[in-house]
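K.L.:
Need the 3D shape of this:
(4 chains, ligands or ions: 2)
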Amino acid sequence: MDRSLELSVPSRTEYIAVVRLVVSSLASARRAIAEERIDDLKLAVSEVCTNAIEANMSTGKNHPVVVTCWEAPERFAVCITDSGSGFDPDLLPQHPPVTDPNRLNFERGLGIPLVRSLVDDLRFESAPTGTSVWLILFGSPSSEGQDETSEILRVVMTEEGQADR
Amino acid sequence: MDRSLELSVPSRTEYIAVVRLVVSSLASARRAIAEERIDDLKLAVSEVCTNAIEANMSTGKNHPVVVTCWEAPERFAVCITDSGSGFDPDLLPQHPPVTDPNRLNFERGLGIPLVRSLVDDLRFESAPTGTSVWLILFGSPSSEGQDETSEILRVVMTEEGQADR
Amino acid sequence: MELGLEVDESRPPYTVLAVAGEIDVYSAPRLREKLVELVSQGHRQIVVDLEKVDFLDSTGLGVLVGGLKRLRSHDGDLTLVCTQARILKVFEITGLTTVFRISESVDEATKA
Amino acid sequence: MELGLEVDESRPPYTVLAVAGEIDVYSAPRLREKLVELVSQGHRQIVVDLEKVDFLDSTGLGVLVGGLKRLRSHDGDLTLVCTQARILKVFEITGLTTVFRISESVDEATKA
Ligand SMILES: Nc1ncnc2c1ncn2[C@@H]1O[C@H](COP(=O)(O)OP(=O)(O)O)[C@@H](O)[C@H]1O
Ligand SMILES: Nc1ncnc2c1ncn2[C@@H]1O[C@H](COP(=O)(O)OP(=O)(O)O)[C@@H](O)[C@H]1O
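P.N.:
Numbering: from 1, shown residues only, chains lettered A, B, ... in the order given. Ligands and ions are numbered 1, 2, ... in the order given. So this is what the prediction gives:
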């Protein structure tokens, strides 16, 4: 529990802005993560949270969406959990290549491919009782909490991170 | 659980900014609360949260501070809970009047009197196992969640609210 | 935060819809409604100005793609105005830069 | 967010400390250290410019009161520059407007 933050919000679309705000302010105030990567994280969180809200809403019950942020050496992780009926991420339909005129028929299904290209690591844990999605960014901590005089480091992301994108 | 949001943060001073951000963005985006009152709420939350972090830290354990926000008709409530050793809010020392030259000797103990003047209602529930502090602002909801076209109302606070300040 | 939606009809045959704020699952329905309304009112050349948009996710992309399809099926078109790197990036990653005409200004988008 | 602390010694006998950001339990220790440092370096007339402060709570007030006491005990003084209503309000509610000299600008605070 020492360095983790947990946020639990009603499964209503109006709360998604607060989730983005919390995750991005936490990541930007406290981590050696470049500005541009904060935008990537915000977008990834928004996509996954949209799916979690929809999964919960479709159960007709009042389950919250639970967002947990962990700060560990060398990484910042966000886990978004719903109590929906689950899905198999390996069975998602493939999109036609972007040059295909049929591209226009895909108003949905853009989310998870987008998330994959935004974060350094993406993991799903899904069961009929709910889904947890982990978003991981690499990047070392800005400073130890005790040292109040040190400035926030904004180092460029690691080589691995860059290669993934 | 339907309209409540819960945030749990490590008892470290660097998380207090995130707590202020969550509470104020929730209150300002979603409630018929005047801009100026959002500043009051931010300040009140910061004061109470500072005490909660200090109470937890003094136990030497890793308890989080738990912040819950409720939106109910006519009111917005924030509850801040710690697992510290409690206190009796009725036994706090009284400050000398502001005109007294001794005023200068009070670098601490400004928090709770300040909070009292900022919110419409303040309640303590304290035991040797921890303290919960409720901050309540009056003000009707901006709109029902379903109605996405309506604008955010920023009505001035109720007469009662004004009298309290 | 509510989405800002301003319609400017002063540049016929173009109708400029200036969007301000964050386009996500909460706000996208308002944008969809506005586009549907404009098309049903007979507007056929719609320019969506995204310069004041702070955030756009795939729900917003879906609405824009939906608007484009609706307009094309009426022999119309939907053009975007966008120069912000972080917004352009979303179109790039999803390959939608090849689907939309993206201009650098409303003037450019509404040139005869 | 880290607190901004800038020292300007170009207006003797005044030393201007411009603070930027949020002064709370996290950031207040840096402000306290800086004030202690200035006093121990011999600065006696300190002007704390709060115009770029977005937030101030009682922890911050405590540090300013501490700084004032320290300076007065060395026959010095601490003046504040503040015109923002939401910051002034915190001094008013706590009765500290009667304790601090509060100026409307650095120029006014450093007038001979
Ligand atoms: N948390 C989840 N619970 C259940 N199903 C999910 C979840 N996340 C994604 N899915 C499924 O995966 C599909 C693809 O998701 P995504 O790529 O984000 O596109 P979209 O949400 O636009 O359909 C969703 O339509 C849904 O069926
Ligand atoms: N959550 C809490 N748990 C235990 N003690 C508390 C708590 N909140 C306040 N107190 C006690 O009340 C005192 C006064 O609090 P406050 O008015 O905020 O001023 P300060 O925190 O500057 O001392 C604190 O010093 C502390 O002893």
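
K.L.:
going forward, measure contacts and count neighbours with C-alpha atoms only.
P.N.:
Noted.

K.L.:
And the lowest mean pLDDT element among the helices and strands of chain A?
P.N.:
helix A:159-164 (a mean of 30; mean pLDDT, DSSP states H and E).

K.L.:
For chain C, which segments count as helices?
P.N.:
All helices of chain C, identified by DSSP state H, fall at C:28-40, C:58-72, C:85-93, C:106-109.

K.L.:
Can you get me the centre-to-centre distance for the first one and its chain?
P.N.:
Going back to what we said before, that points to helix C:28-40. 10 Å (CA atoms, centre = their mean, to the nearest Å).

K.L.:
So which other helices or strands are in contact with that helix?
P.N.:
Helices and strands touching helix C:28-40, as assessed by 3 or more CA pairs under 8 Å, 6 or more residues apart in numbering or on different chains; DSSP states H and E, comprise helix C:58-72.

K.L.:
and what of the last one?
P.N.:
Here helix C:106-109 touches strand C:45-56, strand C:77-81, going by 3+ CA pairs under 8 Å, 6+ apart.

K.L.:
And these: which comes nearest B:Ser58?
P.N.:
With respect to B:Ser58, and counting by CA to CA, the nearest of these is strand C:45-56 at 41.4 Å.

K.L.:
OK, contacts around residue 80?
P.N.:
Chain wasn't specified; assuming chain A. Contacts for A:Ile80 (CA atoms under 8 Å, 6 or more residues apart in numbering or on different chains) come out as A:48-49, A:52, A:65-68, A:132-134.

K.L.:
other chain: chain C
P.N.:
C:47-50, C:100-103, C:109.

K.L.:
Would you tell me which residues of chain A are close to ligand 1?
P.N.:
Proximity of chain A to ligand 1, by CA under 6 Å from any ligand atom, involves residues A:51-52, A:55, A:84-87, A:108-112, A:131.

K.L.:
among those, which are in helices?
P.N.:
Counting by DSSP H, the part of these found in helices is A:51-52, A:55, A:111-112.

K.L.:
do the helix or strand that contains A:Ser46 and chain B meet?
P.N.:
Element membership for A:Ser46 (DSSP states H and E) is helix A:35-57. No: against chain B, helix A:35-57 shows no contacts by CA under 8 Å from any CA of the partner chain, the least distance being 11.6 Å.

K.L.:
Could you tell me which ranges of chain A sit under the pLDDT cut-off?
P.N.:
Applying pLDDT under 70 to chain A flags residues A:1-2, A:30-32, A:95-108, A:140-165.

K.L.:
all strands of it, in order?
P.N.:
Under the criterion DSSP state E, chain A carries strands at the ranges A:4-9, A:65-72, A:75-82, A:121-127, A:130-138.

K.L.:
residues contacting the residue nearest to A:Ser126 when sequence neighbours are not counted?
P.N.:
Leaving out its chain neighbours, the residue that sits closest to A:Ser126 by CA to CA, 6 or more residues apart in numbering or on different chains is A:Gly86, at 5.2 Å. By CA under 8 Å, 6+ apart, the contact set of A:Gly86 is A:55, A:126-131.

K.L.:
swap the cut-off to 10 Å and go again
P.N.:
A:52, A:55-56, A:125-132 (CA atoms under 10 Å, 6 or more residues apart in numbering or on different chains).

K.L.:
same deal with A:Ser4?
P.N.:
By CA under 10 Å, 6+ apart, the residues touching A:Ser4 are A:68-72, A:77-78, B:8-10, B:64.

K.L.:
Could you give the bridge partners of it?
P.N.:
A:Trp70 (DSSP bridges).

K.L.:
how much space between it and A:Ser28?
P.N.:
According to CA to CA, to the nearest Å, A:Ser4 and A:Ser28 sit 15 Å apart.

K.L.:
Number of residues surrounding the residue of chain A found nearest chain D?
P.N.:
Nearest to chain D in chain A, going by CA to the nearest CA, is A:Ala29, at a distance of 5.5 Å. Neighbour count of A:Ala29, defined by other CA atoms under 10 Å in any protein chain shown: 19.
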